[in-house]
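> need a structure here:
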Amino acid sequence: MSHQQGSTLFTLSQLKATRLGNEREAYIYLPASYPEQPDKRYPVLYMHVGQHVFEPTKANGDAWRMHEVLDRLIAEQLIDEVLLVAVEHKYEEGKSEYFHELSAYPVTCVGADYEHFLIHELKPCIDRLFRTLPGPEHTALMGSSAAGVATYNIGLRHPEVFGMLGMLSPFFVQVDPTTRVETRQYRLYEQAHPGQKLWLDIGGMEGFFMTRHVKDAVLALQALGYRQGEQLYYLEEPGAAHTEPDWGKRAHMPLLHFFGRPAEPVSVQLHGPETIGVSGPTSHLNPIVTLANGLSYTDLSGMYEVSQPELLAVAPDGTLQPLAPGNVEVRYRCGELEDRLTITIVEALSETVILDIEIEVPLETPDDPFIYATFPVPKLRQGLYGGKIPIPRGLGFVFPISRGYDLQEMEGPGQPVPPRTLIADRDQTVRYHVRCWSDQFAATSALGGM
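From the prediction side, this is the model:
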């Protein structure tokens, strides 16, 4: 299919992944100039979970809409024209092609076999069929969540293939929402690769996909030698959730880093907690610098001044060390740009808050012991789930209520429920009502076709 700007989308089928023992599709984006300039060669961006990269295929309509992102950036001459190859994900029970060796789940990690498919089967095919610039300096790999971990492993293992790595909300650490036990799903590599460009980010409303897990990995990469603003950018997006639309909204930023040109800072905004405790959970500031081309990043080498340094210390990476109760003003500076934030320091804050939750569901809901508001909510009686649930202080959630993967609450046929939001900043009571479930309509449709 063609788009308003003249770009084209089409599908390559029956691509063999020999070590995985399956075939899959790849969805290709060609920029408008591709058929018009037969002598021109193009950089290539490879993306995982290709079925969600362009048009919606989920019942709730979620998708990255990357063709629109690329069309806009190219039309505004912010990036060079690129090809995009979106690789279909093949789910197989008991296996994960996105983890190489470390997974919190009882699955066989076949990431090395998926890596073999990308590097030795798919990429040679793309380079043969299309006019690509095949070198690593022109080849990017990008993915989110578990596919962000795949990008991390594949790209850092093979800098001679992928010179640019985009990791959006990478699932680096799994947190058991009941016990809060954390299991790391990535390993640290031993050296940086000169010239390789990295983008990592995380949203502030991703619940148990915690900002500190990604930030810790970024600081480790910087310790290896990846330099902020040259090779590496990190962004903590305050209101963003763990969804395809949210990733699509900020996907232009890694593309500007990979395929765009340098730009100067034009604004800064300092984000952070209003209240922290001398005793309690560790908090941090999030100074966001925006460049003239639209790229925003979190400054992990910040310059801060504190009105009363005897009450609060701030590390360059934004980590806060409260020393005594009181009110302080923090000033952040980036060149001539600055922003300020007032913080109240109290004696103590609890590590967790108590969420008193009740969820009313249809009486015909299957007899599941739990449903999910991203975290499990136990059954109280037929038609009602709830309880008093401890949540780590400061986590933000954007979610539908569900009974598991792809079994979400709905307003009606083809009508997803608007996302619910919850910020665990205090003890609170919440009440929700589920009208119906997505599989109710599937069952009704199947009966109607009999």
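> so residue 70 touches residue 256, yeah?
No. The pair residue 70 / residue 256 is not scored as a contact, 11.7 Å apart, by C-beta atoms under 8 Å. C-beta coordinates here come from the backbone N, C-alpha and C atoms, glycine included.
> what do these two both touch?
Residues touching both residue 70 and residue 256 by C-beta atoms under 8 Å, 6 or more residues apart in numbering: residue 79.
> okay, those two: which has more neighbours?
Neighbours were counted for residue 70 and for residue 256 using other C-beta atoms under 10 Å; residue 70 has more, 25 against 22.
> which elements pack onto whatever helix or strand that one lives in?
Counting by DSSP states H and E, the element that carries residue 70 is helix 66-75. Secondary structure elements in contact with helix 66-75, counted by 3 or more C-beta pairs under 8 Å, 6 or more residues apart in numbering; DSSP states H and E, are strand 22-30, strand 83-87, helix 252-259.
> next, the buried residues of that helix.
For helix 66-75, the neighbour count (16 or more other C-beta atoms under 10 Å) marks 66-71, 73-74 as buried.
> angle of it against strand 83-87?
Per axes from the mean of the first three to the mean of the last three C-alpha atoms, to 10 degrees, the angle that helix 66-75 makes with strand 83-87 is 160 degrees.
> quick one: residues in contact with helix 66-75.
Outside helix 66-75, the residues touching it (C-beta under 8 Å, 6+ apart) are 3-5, 7, 9, 29, 31-32, 47, 53-54, 79, 81-82, 84, 86, 248, 251-252, 255-256, 260.
> the stretch 51-200 of the chain: helices as residue ranges?
Along the stretch 51-200 of the chain, the stretches classed as helices by DSSP state H, counting those that start in this stretch are 66-75, 111-116, 123-129, 146-157.
> which neighbouring elements make contact with the shortest one?
The one in question is helix 111-116. For helix 111-116, the packing partners by 3+ C-beta pairs under 8 Å, 6+ apart come out as helix 146-157.
> among the helices of the stretch 51-200 of the chain, which is the most enclosed?
Most buried of the helices of the stretch 51-200 of the chain, by mean neighbour count (mean count of other C-beta atoms under 10 Å): helix 146-157, with a mean of 25.
> and it, how far out from the chain middle?
Relative to its chain's centre, helix 146-157 lies at 13 Å (C-alpha atoms, centre = their mean, to the nearest Å).
> for it, name the packing helices and strands.
Judged by 3+ C-beta pairs under 8 Å, 6+ apart, helix 146-157 is in contact with helix 111-116, strand 139-144, strand 164-168.
> residues contacting the first one, please?
What it means is helix 111-116. 17, 19-20, 96-101, 150, 153-154, 157-158.
> and that helix, what's its mean pLDDT?
In this model, helix 111-116 has an average pLDDT of 98.
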